[in-house]
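>>> heads up, no residue letters with this:
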């Protein structure tokens, strides 16, 4: 990884922070990652480090848990999941109202 990356005051490593350090736009980073496998590994390492820091520091209270949760859901596909169990018989009725010329039934 680029030396001095976290010395710029960043709390957590980000793609945007690396862009700033290297003085390039984000699209350039993604192009480099396609062209150079080693650079693709750098970006992968950055994302893994970011994820690990958000989880551990979000849990121990060093990071705002709401912000950590937002970044984890946006950048790492970690979303809350709710499961529901439905018991008994469930009937679903599908009604086509196209014949009502846009009117809803009363």
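Received it, and whenever you're ready, just let me know what you need. It should be emphasised that the depicted structure is a prediction, and the values quoted were computed from it without experimental measurement.

>>> buried residues in the longest helix that the chain contains?
Scanning the chain for the longest helix, with DSSP state H as the assignment, gives helix 37-59. Neighbour-count burial for helix 37-59 flags 42-43, 46, 50-51, 53-54, 57-58 (criterion: 16 or more other Cβ atoms under 10 Å). The C-beta positions use only the backbone N, C-alpha and C, and glycine is treated the same way.

>>> Let's have those in a markdown table, adding distance to residue 72 and pLDDT.
Output for these, formatted as a markdown table (distance: Cβ to Cβ, whole Å; pLDDT from 0 to 100):
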| residue | distance to residue 72 | pLDDT |
| --- | --- | --- |
| 42 | 21 | 92 |
| 43 | 17 | 93 |
| 46 | 15 | 92 |
| 50 | 9 | 92 |
| 51 | 7 | 93 |
| 53 | 10 | 92 |
| 54 | 5 | 91 |
| 57 | 11 | 91 |
| 58 | 8 | 90 |
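
>>> what residues are up against residue 57?
12, 63, 68 (Cβ atoms under 8 Å, 6 or more residues apart in numbering).

>>> Residue 86 versus that one, what's the distance?
Distance, residue 57 to residue 86, using Cβ to Cβ, to the nearest Å: 38 Å.

>>> Looking at the contacts of residue 57, which has the smallest pLDDT value?
Note: of the contacts of residue 57, the lowest pLDDT belongs to residue 12, at 84.

>>> any weak-confidence spans in this protein?
Applying pLDDT under 70 to the chain picks out residues 1-9, 82-83, 90, 92, 95-106.

>>> now the strands: where do they sit in it?
Applying DSSP state E to the chain gives no strands.

>>> Got the phi and psi for residue 23?
Residue 23 adopts backbone torsions of phi 60, psi 50, taken as degrees, to the nearest 10.

>>> Against residue 17, how distant is it?
For residue 23, the distance to residue 17 - Cβ to Cβ - is 12 Å.

>>> Neighbour count: those two, which is higher?
residue 17 (19 against 7; other Cβ atoms under 10 Å).

>>> correct me, but that one touches residue 26?
No: here residue 17 does not reach residue 26: they are 10.9 Å apart, not a contact under Cβ atoms under 8 Å.
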